[in-house]
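>>> What follows is a predicted structure for the sequence shown.
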Amino acid sequence: MHELSVTESILDIVCRHATDAGAQRVKRIHLVIGDLASIVDDSVQFYFDFLSEDTCARGAELVFERIPTRLACRTCGHGWLPDTGDWTCPRCGAVGAQVVAGKEFYVDSIEVE
Amino acid sequence: MSTRHVPVVERIFRANEGVAAEVRALCRQHQVALVNIMASPGAGKTTFLLATAHRLADRVRIGVIEGDVASSVDSDRVRAEGFPAVQINTGGGCHLDARQVRGALDELDLDALDLILVENVGNLVCPVGFDLGETLRIALSSVPEGWDKPIKYPAIFERVDAVVLNKIDLLPYLPFDEPQFRRLVAGLNPHAPILSVSSTDGSGMDEWTTWLGDQLPK
């Protein structure tokens, strides 16, 4: 639900880097979002189209790279992708998993001209 | 005009994290601990926070920051019970952020406090992503919400220092599977203690306040 403030941050980052690179216009924005980051792609796109109106990123395409949650069992080391919030190790049955991936949330790169 | 690729690799929460670092430094300087309490609406955050404050009041000087979408109902209640309180109204925002907490700290006399309890906006999703500069993060869950909350909202349980299960006085009346709840939380966060309490009848509150007192800077 906080995609509005998050989209403002994305736009700040993008415009700052575009200006530093001496770009006139941003064509594409590559975002990396882990599934644990609780961010909805469509919602970011919706706010972005609205907020970017008067900026150099107007009309830019957002490209989302989603990173699935990946866990490692703290007992046997087994790695797996959970499909629910039950993080019991499917191999040894131990509870207590470590998050290996899924918390990412950053602007990876921009394409400018 | 040719298209160029510009690497960025910048965390989107960086601006918030910068202000959170300021909050953390300010709290350290004034030797005050900040505890971020996150829960659903109706989990009993305000009652729990007040029960905690009253139990610690003889040895710890306590202030409160209340986060709500609208109204000062909660901060009025806290002040009426004798604790300094600042209300943050997010105006529709689904979580507190570090900037709001930084502003609220200016309204409290930090040298006259040891502990600030922050009641986040009632929500199990959004508050998790925003570092407030807190010393401790607590997830408060409650019996009427059901034992399956950790399956549905893993991120909050995974990122806290302790999980408190509130309203255990209702266990005889509701089909809440406490062992299963504990197993799920331990799976997400094996290091977090799980403390079962009832803010209204006081069960488990001594264990919880002892744990909390032990975490505070001496």
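Arrived safely, thanks for sending. Numbers count the residues shown, from 1 in each chain, chains lettered A, B, ... in the order given.
>>> pull the longest helix from the chain.
Unless you meant another one, I'm taking chain A. For chain A, the longest helix by residue count, based on DSSP state H, is helix A:3-20.
>>> actually it's chain B I care about, not the one you picked
Counting residues, the longest helix found in chain B (DSSP H) is helix B:14-29.
>>> Tell me which other helices or strands it touches.
Counting contacts by 3 or more Cβ pairs under 8 Å, 6 or more residues apart in numbering or on different chains; DSSP states H and E, helix B:14-29 is packed against helix A:3-20, strand B:33-39, helix B:98-105. From N, CA and C alone the C-beta is placed, and that goes for glycine too.
>>> ok, which stretches of chain B are helices?
Counting by DSSP H, the helices of chain B are B:14-29, B:45-56, B:73-80, B:98-105, B:149-152, B:154-158, B:178-188, B:205-215.
>>> these two touch, right, A:Asp35 and A:Phe64?
No. Between A:Asp35 and A:Phe64 there is no contact, the gap being 11.4 Å when judged by Cβ atoms under 8 Å.
>>> higher neighbour count, those two?
Taking neighbours as other Cβ atoms under 10 Å in any protein chain shown, A:Asp35 and A:Phe64 compare with A:Asp35 leading, 19 against 14.
>>> buried ones in the longest helix of chain B?
Residues of helix B:14-29 classed as buried: B:Ala15, B:Asn16, B:Val19, B:Ala20, B:Val23, B:Arg24, B:Leu26, B:Cys27 (neighbour count, 16 or more other Cβ atoms under 10 Å in any protein chain shown).
>>> In contact with the residue most central in space within chain A, which residues?
Nearest to the geometric centre of chain A sits A:Ile33, at 1.8 Å (Cα atoms, centre = their mean). Going by Cβ atoms under 8 Å, 6 or more residues apart in numbering or on different chains, A:Ile33 touches A:Ile39, A:Asp41, A:Phe64, A:Glu65, A:Arg66, A:Ile67, A:Glu104, A:Phe105.
>>> Show me the beta-bridge partners of the residue nearest to the spatial centre of chain B.
In chain B, the centroid-proximal residue (Cα atoms, centre = their mean) is B:Ile37; its distance is 1.1 Å. Beta-bridge partners for B:Ile37, by DSSP bridges, are B:Glu119, B:Ile138.
>>> Need the per-residue pLDDT for it.
On the pLDDT scale, B:Ile37 is placed at 98.
>>> any low-confidence regions in chain A?
For chain A, the stretches with pLDDT under 70 are A:1.
>>> ugh, typo on my part, it should be chain B
For chain B, applying pLDDT under 70 flags the ranges B:1, B:218.
>>> Write out the residues of it neighbouring chain A.
Counting by Cβ under 8 Å from any Cβ of the partner chain, chain B comes close to chain A at B:1-16, B:93-95, B:97, B:123, B:125-126, B:128-130, B:150-155, B:157-158, B:183-184, B:186-188, B:190.
>>> so which of the helices and strands packed on helix B:14-29 comes closest to B:Leu171?
Among the helices and strands packed on helix B:14-29, strand B:33-39 comes nearest to B:Leu171, with 17.9 Å by Cβ to Cβ.
>>> Helix B:14-29 and that closest one, what's the angle between them?
On the basis of axes from the mean of the first three to the mean of the last three Cα atoms, to 10 degrees, strand B:33-39 is oriented at 130 degrees to helix B:14-29.
>>> Residues contacting strand B:33-39, please?
Contact partners of strand B:33-39, identified using Cβ under 8 Å, 6+ apart, comprise B:23, B:27, B:45, B:48-49, B:96, B:101, B:114-120, B:122-124, B:127-128, B:132-142, B:156, B:160, B:166, B:212, B:215-217.
>>> mind listing what A:Lys103 touches?
A:Gly34, A:Leu36, A:Ala37.
>>> Report how many residues lie close to the nearest residue to the second one once chain neighbours are set aside.
Taking Cβ to Cβ, 6 or more residues apart in numbering or on different chains as the measure, A:Leu36 lies nearest to A:Gly102, with 4.1 Å between them; neighbours along the chain are not counted. Applying other Cβ under 10 Å, we find 21 residues neighbouring A:Gly102.
>>> Correct me if wrong: A:Gly102 contacts A:Asp35.
Yes. Taking Cβ under 8 Å as the definition, A:Gly102 is a contact partner of A:Asp35 at 5.1 Å.
>>> intersection of neighbour lists for those two?
With Cβ under 8 Å, 6+ apart, A:Gly102 and A:Asp35 have common neighbours A:Ile67, A:Pro68, A:Thr69.
>>> May I have the residues that are in contact with the last one?
Pointing back at A:Thr69 there. A:Gly34, A:Asp35, A:Leu36, A:Leu81, A:Pro82, A:Val99, A:Ala101, A:Gly102.
>>> so who does the residue lying closest to B:Asp177 once chain neighbours are set aside touch?
Leaving aside its sequence neighbours, B:Asp177 sits nearest to B:Trp147 (Cβ to Cβ, 6+ apart; 4.4 Å). Counting by Cβ under 8 Å, 6+ apart, B:Trp147 touches B:Phe176, B:Asp177, B:Glu178, B:Gln180, B:Phe181, B:Leu184.
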